[in-house]
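1. just to be clear, the model below is a prediction. Sequence and coordinates:
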Amino acid sequence: MRSSTSMPLGTSFWRAAAVTLAWATLPVGVYAAFSGVATWGAILTVIGLAAISLVLNTSALRWAGARASSRALASLLPAVLVMNALTELWYALRAQPLYLAAKPVVLIHGLVLLALTGLTTWQLARARTPG
């Protein structure tokens with residue numbers, strides 16, 4: 001018996017989530033690795049590469065799309081990513097950066113991350129719609 005809070009989210013949501021997660025982690029991980037923060041760089045790079053492998057593996061996407069997943073946990077991903085994107089935009093526009101990346105690069109990364117998070121949220125909303 002399936003829980004009332006779990007439902008299949010479809011391959012479109014998982015593909016959008018994986019692309020968004022790859023964009024959120026891979027560039028930051030590579031930058032961190034080359035900036036001397038090897039541990040965080042390695043962790044974020046591995047997460048980004050795993051997300052890319054999910055995008056490229058159609059059988060894994062079909063499996064994830066057919067599997068019942070928690071709506072609350074699925075909603076948490078876009079919430080965390082939008083906070084991440086808004087923080088990056090804040091660093092690019094107003095705050096003193098915590099790292100030495102050029103502000104235009106951080107601005108572009110934050111804007112693309114915000115757009116991809118919007119796409120992921122839209123795919124999640126479509127997956128919740130019955131029919």
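-> Arrived safely. Residues are numbered from 1 along each chain as shown.

2. would you map the strands across this structure?
-> Assigned by DSSP state E, the chain shows strands spanning 6-8, 68-70.

3. would you convert those into TSV that also reports distance to residue 84?
-> The C-beta positions use only the backbone N, C-alpha and C, and glycine is treated the same way. Formatted as TSV, those follow (distance: least, C-beta to C-beta, whole Å):
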stretch	distance to residue 84
strand 6-8	26
strand 68-70	21
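
4. quick one: contacts for the residue most central in space within the chain?
-> Closest residue to the average C-alpha location of the chain: residue 21 at 2.5 Å, with C-alpha atoms, centre = their mean. Going by C-beta atoms under 8 Å, 6 or more residues apart in numbering, residue 21 touches 47-48, 51, 77, 81.

5. need the max-distance pair from these.
-> Greatest spatial distance among these (C-beta to C-beta): 48 and 77, at 14.9 Å.

6. who's more crowded, those two?
-> The neighbour comparison of residue 48 against residue 77 (other C-beta atoms under 10 Å) goes to residue 48, with 21 against 17.
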